[in-house]
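>>> Have a look at this prediction, sequence included:
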There are 2 protein chains.
Amino acid sequence: MPARRQANGSSESIDNYLKAILTLGGPQEIRVTSTALAERLSVAPASITNMLQKLAAAERPLVEYERHRGVRLSSAGKKRALEVVRHHRLIETFLYQVLDYPIEEVHEEAERLEHFISERFEERIAAKLGHPQIDPHGHFIPTMEGHMPQQASIRLTEVLAGGTFVIHSVDDRDARTLRELEANGIKPGAKLKLKPRTPTEACSVNIGRSAKPFDLSRAMAADIRIVPVEKN
Amino acid sequence: MPARRQANGSSESIDNYLKAILTLGGPQEIRVTSTALAERLSVAPASITNMLQKLAAAERPLVEYERHRGVRLSSAGKKRALEVVRHHRLIETFLYQVLDYPIEEVHEEAERLEHFISERFEERIAAKLGHPQIDPHGHFIPTMEGHMPQQASIRLTEVLAGGTFVIHSVDDRDARTLRELEANGIKPGAKLKLKPRTPTEACSVNIGRSAKPFDLSRAMAADIRIVPVEKN
DNA sequence: TCCGATGTTTAGGTATACCTAATAAATAGG
DNA sequence: CCTATTTATTAGGTATACCTAAACATCGGA
């Protein structure tokens, strides 16, 4: 068998399956379908089935899998997934704060390196950064013990009531969208006022002083998460 | 085909073949034999032949290979090999200086990460370090343009004449040996006096004030390189 | 409830990078 | 100079992680 180049036991590919199951399953750890995984990972559905069977059949299974009923992470799988997410977010923070990367480049580099850094590397950059809890996108960084801090945030697109919010995170998968949004003031920490609306209505947003209509489909694509602010 | 996880075109495995050919070929770029490569890479000789054929047959060949006559790097191969060596040595320097790694741990981490960092990462850590020319082991760092600085150093084991030298580099492949040698003052920058000897004789070494006999086989294993010092 | 659309799995195949065993070429000793 | 040993190559096989195409479940609507 070919040499393992990872600092730990699993492969890069497996890491990515676990991460995808973690994020698609959401905080309630809903079963994830093959199709959803196939789309997320840009892999044929048949390949997903194959991999899931292998992950479930392992000595120490990383997922719980039942034919035609989707997958969930096992506790071992969740541990590894959270470790990889921790790596990703620490690396992003490090690239941004220590190596002065432009914000829109941190994701791609982190996506590659997250699989290959050692425990020591993880520990050292965390120490250098003062054990940060959120990354430059506003995402919480899982703890060393594999625990994801509770996020009291909600999707912008889920909010119908209107009110004042702080942007908690802006998803970092598409560099262009991210940059555009940032240029418009849509970035973690920014304050934002929503007008009440129905699910189908366009969204109106106040950022700082200026009020502009906001295209909901873009918010959908970018997965903007916000935290309600108590008026005081 | 499986997704490329490297920032550049080639694979981790290919990188390692190129690096091995570079170092085994030496500064004069002697043809390297399959056996030598097989040993260095801990891979069966048959696998070496296979890989060399592929590397030589590529659209843009990375090696010049003739059956039964060994390999040399092509200019493209040499460029990539030097790039990987640059990555390795920059990463080691970075781990040591910025992340406070213990010296004996930098090699393993660099060996893994060297294949996966981007041009940007390389450039950023080089800048952070002030574009260093030698790594913590005393090895020269190839330039961005893929040029290896001339090393006026020689193998400790090749020196028969005796004289005063500065240790230029101590090879970093075996952590234990490295640590032991360092504990005995054998580290880059240390001054060292050799007594004249024959190839088979034990070696006598002065480090600072103390003179001790030195086991040549250990020097052989560790590939200690030294630079002659003009007495003044 | 049955039936077709959708989603999922099985079957069979590709490329990479390894392996072992058998064969062939080069080199060195008598 | 010819054989014996060493070194290198070919042939055939494994595991991983993908693929396509065909078969098979599940689910929602008539």
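Sure thing, it's come through.
>>> got the contact list for the host helix or strand of residue A:127?
Using DSSP states H and E, residue A:127 sits within helix A:119-128. Residues outside helix A:119-128 that contact it (CB atoms under 8 Å, 6 or more residues apart in numbering or on different chains) are A:7, A:86-87, A:90-91, A:93-94, A:98, A:132, A:144, B:95, B:98-101, B:105, B:109. Any C-beta I mention is one placed from the backbone N, CA and C, and that applies to glycine too.
>>> Could you pick out the buried ones from those residues?
A:7, A:86-87, A:90-91, A:93-94, A:98, A:132, B:95, B:98-99, B:101, B:105, B:109 (16 or more other CB atoms under 10 Å in any protein chain shown).
>>> before we move on, back to that, partner strands of the helix or strand just after the helix holding residue A:127, with direction?
Following helix A:119-128 in sequence order, the next helix or strand is strand A:154-155 (DSSP H and E). The strands that strand A:154-155 pairs with in its sheet are strand A:224-228 (antiparallel) (by DSSP bridges).
>>> The strand it pairs with: how far from the chain's middle?
Relative to the centre of its chain, strand A:224-228 is centred 14 Å away, using CA atoms, centre = their mean, to the nearest Å.
>>> Tell me the buried residues in it?
A:224, A:225, A:226.
>>> re earlier: out of the buried ones among the contacts of helix A:119-128, who's near DNA strand C?
With the criterion set as CB under 7 Å from any atom of the strand, no member of the buried ones among the contacts of helix A:119-128 is near DNA strand C.
>>> which parts of the top strand by length along chain A are buried?
Criterion DSSP state E: the longest strand present in chain A is strand A:163-170. Of all the residues in strand A:163-170, those buried under the rule 16+ other CB under 10 Å are A:165, A:167, A:168, A:169, A:170.
>>> Going along the chain, name the strands of chain A.
Under DSSP E, chain A gives strands at A:63-65, A:71-73, A:154-155, A:163-170, A:191-194, A:203-207, A:210-214, A:224-228.
>>> Tell me the strands beside the longest one, with direction?
The one in question is strand A:163-170. Partners of strand A:163-170 in its sheet, by DSSP bridges: strand A:191-194 (antiparallel), strand A:224-228 (antiparallel).
>>> Put the alpha carbons of the longest one into PDB.
It refers to strand A:224-228. Only the C-alpha atoms of strand A:224-228 are listed here, as PDB (Å, rounded to 0.1, in the frame of the first residue of the first chain):
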ATOM      1  CA  ILE A 224     -24.600  34.400   5.700                       C
ATOM      2  CA  ARG A 225     -25.300  33.700   9.400                       C
ATOM      3  CA  ILE A 226     -26.400  36.400  11.800                       C
ATOM      4  CA  VAL A 227     -26.800  36.800  15.500                       C
ATOM      5  CA  PRO A 228     -29.700  38.800  16.900                       C
END
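>>> And residue A:5, what's its pLDDT?
Per-residue confidence (pLDDT) for residue A:5: 62.
>>> oh, I was asking about residue A:204
On pLDDT, residue A:204 comes in at 61.
>>> now do residue A:141
pLDDT recorded at residue A:141 is 92.
>>> and if you look at the one 10 residues further on?
Residue A:151 is assigned a pLDDT of 60 by the prediction.
>>> Any regions of chain A where pLDDT drops low?
Under the criterion pLDDT under 70, the flagged ranges of chain A are A:1-5, A:138, A:151, A:157-163, A:195-221, A:228-232.
>>> Next to chain B in this structure, residues from chain A, please.
Chain A has residues A:2, A:5-7, A:12-13, A:95, A:98-101, A:105, A:108-109, A:112-113, A:115-118, A:120-121, A:124-125, A:128 near chain B, with proximity defined as CB under 8 Å from any CB of the partner chain.
>>> From the buried residues of strand A:163-170, pick the one nearest chain B.
Taking CB to the nearest CB as the measure, chain B lies nearest residue A:170 of the buried residues of strand A:163-170, at 21.7 Å.
>>> Need the nearest residue in space to that closest one, chain neighbours excluded.
Nearest residue to residue A:170, sequence neighbours excluded (CB to CB, 6 or more residues apart in numbering or on different chains): residue A:224, at 5.3 Å.
>>> Quick check, the one you found in contact with residue A:186.
Yes: the pair residue A:224 / residue A:186 is scored as a contact, 6.7 Å apart, by CB atoms under 8 Å.
>>> shared neighbours of those two, anything?
With CB under 8 Å, 6+ apart as the test, residue A:224 and residue A:186 both reach A:167, A:170.
>>> hang on, the earlier thing: ok, the residue nearest to residue A:170 - contacts?
By CB under 8 Å, 6+ apart, the residues touching residue A:224 are A:155, A:156, A:157, A:167, A:169, A:170, A:171, A:181, A:186.
>>> For residue B:80, state which of those residues is nearest.
Taking CB to CB as the measure, residue B:80 sits nearest to residue A:171 out of those, at 34.8 Å.
>>> Settle this for me: the closest one is touching residue A:223, isn't it.
Yes: shown here, residue A:171 and residue A:223 form a contact pair, counting by CB under 8 Å, at 3.6 Å.
>>> Could you tell me which residues make contact with the residue nearest to residue A:101 when sequence neighbours are not counted?
For residue A:101, ignoring the flanking residues on the chain, the nearest one in space by CB to CB, 6+ apart is residue A:95 at 4.1 Å. Residues in contact with residue A:95 (CB under 8 Å, 6+ apart) are A:101, A:105, A:106, A:109, A:110, B:121, B:124.
>>> Going by distance to residue A:31, which of those residues wins?
Out of the contacts of residue A:95, the member with the shortest distance to residue A:31 (by CB to CB) is residue A:110, at 27.7 Å.
>>> That closest one reaches residue A:86, doesn't it?
No: in this structure, residue A:110 is not within contact of residue A:86 by CB under 8 Å, at 11.1 Å.
>>> before we move on, the earlier item: return the member of the buried residues of strand A:224-228 nearest to DNA strand D.
residue A:225 (28.1 Å; CB to the nearest atom of the strand).
>>> Which residues of chain A lie near DNA strand C?
A:2-3, A:33-36, A:45-46, A:48-50, A:52-53, A:67-70.
>>> Can you select the buried ones from those in ChimeraX?
In ChimeraX, this line selects whichever of these come out buried by 16+ other CB under 10 Å:
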select /A:33,34,36,48,49,52,70
